[in-house]
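Enquirer: Model the structure of this input:
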Amino acid sequence: MSKLVELSVYIYGLRGVGFEIAKNTILAGPKKVHVHDNRQCELRDLNSNFYITSDDVTSKSTRQSACIGKLKVLNPYVDVDVNNYNINDDNVEFLKEFNVVIITDVLKSEQLFKINE
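Expert: Next comes the predicted model:
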């Protein structure tokens, strides 16, 4: 538990799997969980992410803006926030502040190798 409360987690992608990982990780109680998914909510998201509503799809909200408020209230002891750095950029230095990086959406192999380094 002492290691968990010091853990910093970055999650890229808030479709079904990414959302569930974010929710369960926040409930477990790490130090911080930052998420990033600036793609628009789609109709199919309603089947896999119960925080996204039809209003989010209609208003063309991003997945992160649709989910962040509800994720924050899951555990008041966890720093839950949106990370606005784009992992698709060449600069992935910001990832060094995290102990765990979770990528749930497809990136090019070259990007994944760079992130892994």
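Enquirer: Which of the helices or strands spans the most centrally placed residue in the chain?
Expert: What sits nearest the mean C-alpha location of the chain, by Cα atoms, centre = their mean, is V35, with 2.6 Å. Here V35 sits within strand 32-36, counting by DSSP states H and E.
Enquirer: what does the next helix or strand after that strand rub up against?
Expert: From strand 32-36 onward toward the C-terminus, using DSSP H and E, the following helix or strand is helix 54-58. Helix 54-58 has contacts (Cβ atoms under 8 Å, 6 or more residues apart in numbering) with C41, E42, L43, D45, L46, A66. All C-beta spots, glycine's among them, are computed from the backbone N, C-alpha and C.
Enquirer: Generate a PyMOL selection restricted to the buried entries among those residues.
Expert: Per 16 or more other Cβ atoms under 10 Å, the buried members of those correspond to this PyMOL selection:
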select buried, resi 41+45+66
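Enquirer: so where do the strands sit in this protein?
Expert: For the chain, strands defined by DSSP state E occupy the ranges 8-12, 32-36, 79-82, 100-103.
Enquirer: what's the first one packed up against?
Expert: Just to be clear, that refers to strand 8-12. On a contact count with 3 or more Cβ pairs under 8 Å, 6 or more residues apart in numbering; DSSP states H and E, strand 8-12 meets helix 16-28, strand 32-36, strand 100-103.
Enquirer: Just say which of those is most tucked in.
Expert: strand 32-36 (a mean of 23; mean count of other Cβ atoms under 10 Å).
Enquirer: How far does it sit from its chain's centre?
Expert: Put simply, strand 32-36 sits 5 Å off its chain's centre (Cα atoms, centre = their mean, to the nearest Å).
Enquirer: hang on, the earlier thing: what's the strand holding V35 in contact with?
Expert: 8-14, 18, 22, 25-26, 64, 67-68, 71, 78-87, 98.
Enquirer: Between the two ends of stretch 93-103, what distance do you get?
Expert: 16 Å (Cα to Cα, to the nearest Å).
Enquirer: Kindly report the same for stretch 78-96.
Expert: 19 Å.
Enquirer: For it, give the mean pLDDT please.
Expert: For stretch 78-96, mean pLDDT is 84.
Enquirer: Could you do stretch 42-52 as well?
Expert: Averaged over stretch 42-52, pLDDT sits at 92.
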